[in-house]
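[1] give me a 3D structure for the following:
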Amino acid sequence: MKKNTSFLKQPTERSRVQMYDYTYQGIQSHLDSNLKKIQCSIVCDKFYVLTTGKVYRPNSKEFSYQQGETGLIFTGKGAGHFENSYKLYHMGEEVGNLLAHPNENHLIYSEDNVKLELQNNLLYKSDWIEVFSEIMTDLGLQIQSFTQVDIAIDGLNHIIDFLNFYQKQSPENKLIRMIGSRAPKNKASSKVPSPKFSPHAFNHESMRYENFRIGNPQTKLITCYNKSSELRRLSSHKTYIPEFWSANGVSQEHDVWRLEMRLKSSAVKGITNFDFTKLVEPHYLASIFKTLCDKFFEFAKVNPNDSNQRRDNQKIPLIPYENLNGKLLEKSKREPSDGLFKAKMTISGYYENLYRNLMDEEAKEAGFQLVKYYQERYHIHDWVQFQVPKWKEKWSTVAI
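    Numbers count the residues shown, from 1 in each chain. Predicted structure coming up:
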């Protein structure tokens, strides 16, 4: 019996146009009616800087010191191209990591380069720019460059559907195109190649991709992924992110998908009049995102009746920039005090020894009394109660 292969035939121009009109109108009507209703949030989700300055070298594995309200605790090892890494504290709160003293194998750093990486949870607080500035002042550091700045938009759940639709198109029945300069025909061409479009994490049950990456991770990359799923799988302690969503009206009835732009140093340098102090302002973040999406993360309909397929009026709107909310969470309650840093480090050390079962009963009782004293002296009872579950999860090796 002869197989029926009619479905493999190329569509006629008439059928192609009809299919195009129906499909695109469906997409367009959905976007037009829903974009204005979408409540989504925008935030600076990563902030790494390369600075210049002097950081003391450790003289033991227990080395630590404090300058102003900023404290450093040596981790006992180095990281990357740096010989020494430190946990970074501000007013007793752990707020990031600091890398200092480039090793002999480096080719890009100077002797006085210091890399500072803020913790993710700090970036969701309304005072993180203030904290960062105080750290820079306390340690006497100067900004040399911004090594990575990530901007995340949460709540754009329709984009994963759109990207899957785009990915499944065939060359013969292409309805949507990605806007960008075509790849140069020769090395002398001035045109920049279109960004690399890469689908990842194929789900064999839904027959859909659950992650897309557009661009180059060494310069500028946009990625779309299920943030709710990631939090459940990897970051159960990041309760501040759902709190941030709630504060900005992002629905959590279903999983929240994230569209994230990751900018390395060269991309940040390309931002005209870049002002890091405005990274707490949603409109400023949105303006950066929108500007850097130009001819990079933009799509347009393919109109078979239009000979000029490069027209901007064919663009498909995907991001409701006017609806991006970025109300940050309230800043942490901090009490400036010369002894607060030492008190919190002592309490942290006590619970580490407790949960690692390194103390006898006498040491446990003596440590408990000291913890009690510090809690009353510096009014940090709530802070201790908040930290204890995290310390237990981090340091427990046996049931206690």
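[2] where do the helices sit along the stretch 1-150 of the chain?
    Counting by DSSP state H, counting those that start in this stretch, the segments of the stretch 1-150 of the chain that form helices are 13-34, 128-139.
[3] in terms of mean pLDDT, which of the ones you listed ranks lowest?
    Ranked by mean pLDDT, the helices of the stretch 1-150 of the chain bottom out at helix 13-34, with a mean of 50.
[4] phi first, then psi, for the nearest residue to residue 344 once chain neighbours are set aside.
    If you skip the residues right next to it in sequence, residue 344 has residue 92 as its closest partner in space, 3.9 Å away by C-beta to C-beta, 6 or more residues apart in numbering. Every C-beta, even on glycine, is put in place using the N, C-alpha and C of the backbone. Backbone torsions of residue 92, given as degrees, to the nearest 10, read phi 90, psi -10.
[5] tell me the domain ranges of the protein?
    If you go by automatic domain parsing, the domain ranges for the chain are 32-42+152-325, 44-149, 340-395.
[6] most tightly surrounded among these?
    Stretch with highest mean neighbour count among the domains of the chain: domain 44-149 (a mean of 18; mean count of other C-beta atoms under 10 Å).
[7] so what would you say the end-to-end distance of it is?
    7 Å (C-alpha to C-alpha, to the nearest Å).
[8] now that domain, how far from the chain's geometric center?
    18 Å (C-alpha atoms, centre = their mean, to the nearest Å).
[9] which residues does residue 215 bridge with?
    Under DSSP bridges, the beta-bridge partners of residue 215 are residue 221.
[10] actually residue 146, not the one I typed
    For residue 146, the beta-bridge partners under DSSP bridges are residue 49.
[11] quick check, it in contact with residue 48.
    Yes: judged on C-beta atoms under 8 Å, residue 146 makes contact with residue 48 at a distance of 7.3 Å.
[12] separation between residue 317 and residue 323?
    12 Å (C-beta to C-beta, to the nearest Å).
[13] residues shared between the contacts of those two?
    Here residue 317 and residue 323 share the contacting residues residue 35, scored by C-beta atoms under 8 Å, 6 or more residues apart in numbering.
[14] hey, where'd the strands end up in the stretch 151-300 of the chain?
    176-178, 197-203, 208-216, 220-226, 257-264, 299-301 (DSSP state E, counting those that start in this stretch).
[15] of the ones you listed, which is nearest residue 104?
    Residue 104 sits nearest to strand 257-264 of all these, at 24.7 Å, using C-beta to C-beta.
[16] show me what the closest one is in contact with.
    With contacts defined as C-beta under 8 Å, 6+ apart, strand 257-264 is touched by 45-46, 147-157, 159-160, 217-228, 288-289, 292-293, 319.
[17] please repeat the previous calculation with a cut-off of 7 Å.
    The contact list for strand 257-264, computed with C-beta atoms under 7 Å, 6 or more residues apart in numbering, reads 45, 147-154, 156-157, 159-160, 217-227, 289, 292.
[18] any weak-confidence spans in this structure?
    For the chain, the stretches with pLDDT under 70 are 1-33, 181-194, 235, 304-313, 331-338, 397-400.
[19] any idea which residue sits dead centre in it?
    Closest to where the C-alpha atoms of the chain average out (C-alpha atoms, centre = their mean) is residue 45, at 3.6 Å.
[20] contact partners for that residue?
    Taking C-beta under 7 Å, 6+ apart, one finds 120, 123, 150, 151, 152, 260 in contact with residue 45.
[21] and it, how far is that from residue 273?
    Distance from residue 45 to residue 273, by C-beta to C-beta: 22 Å.
[22] no further queries at this time; thank you.
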